[in-house]
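Asks: Generate coordinates for the sequence data below:
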Amino acid sequence: MESKAIEVVLFADCLEGTEKHYGVLFENGFILCFCCGGYIEPEDYVIIENCGWNNIDETLLKNH
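Replies: Take a look at the predicted model:
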């Protein structure tokens, strides 16, 4: 079953101490990490900030 992307989030990876990363949160609770491209399971992170989708495309294009 497919899970829809909800929003971009800043999260702390509990498996890597308190290292912060950005990623995409999905309906199933998994996060696609922008740092490693892996899926982080719901019990392995804490969301610090919900970023929505505001300016994500423009920000990535500027930094490409």
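Asks: which residues in this structure form strands?
Replies: Secondary structure of the chain (DSSP state E): strands located at 5-13, 19-26, 31-33, 39-40, 45-52.
Asks: residue contacts, the residue positioned nearest the centre of the chain?
Replies: Among the residues of the chain, G23 comes closest to the average C-alpha position under C-alpha atoms, centre = their mean, at 1.8 Å. Neighbouring residues of G23 by C-beta atoms under 8 Å, 6 or more residues apart in numbering: 8-9, 11, 31-35, 40. Placement of C-beta: from N, CA and C, glycine included.
Asks: Could you export the lowest-mean-pLDDT helix or strand in the chain as CSV, keeping only the C-alpha atoms?
Replies: Scoring the helices and strands of the chain by mean pLDDT, DSSP states H and E places helix 56-62 at the bottom, with a mean of 78. Provided in CSV are the C-alpha atoms of helix 56-62 (Å, rounded to 0.1, in the frame of the first residue of the first chain):
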residue,chain,number,x,y,z
ILE,A,56,11.1,23.9,-0.4
ASP,A,57,11.3,23.8,-4.2
GLU,A,58,12.8,27.3,-4.4
THR,A,59,15.3,26.6,-1.6
LEU,A,60,16.5,23.4,-3.2
LEU,A,61,16.8,25.0,-6.6
LYS,A,62,18.9,27.9,-5.2
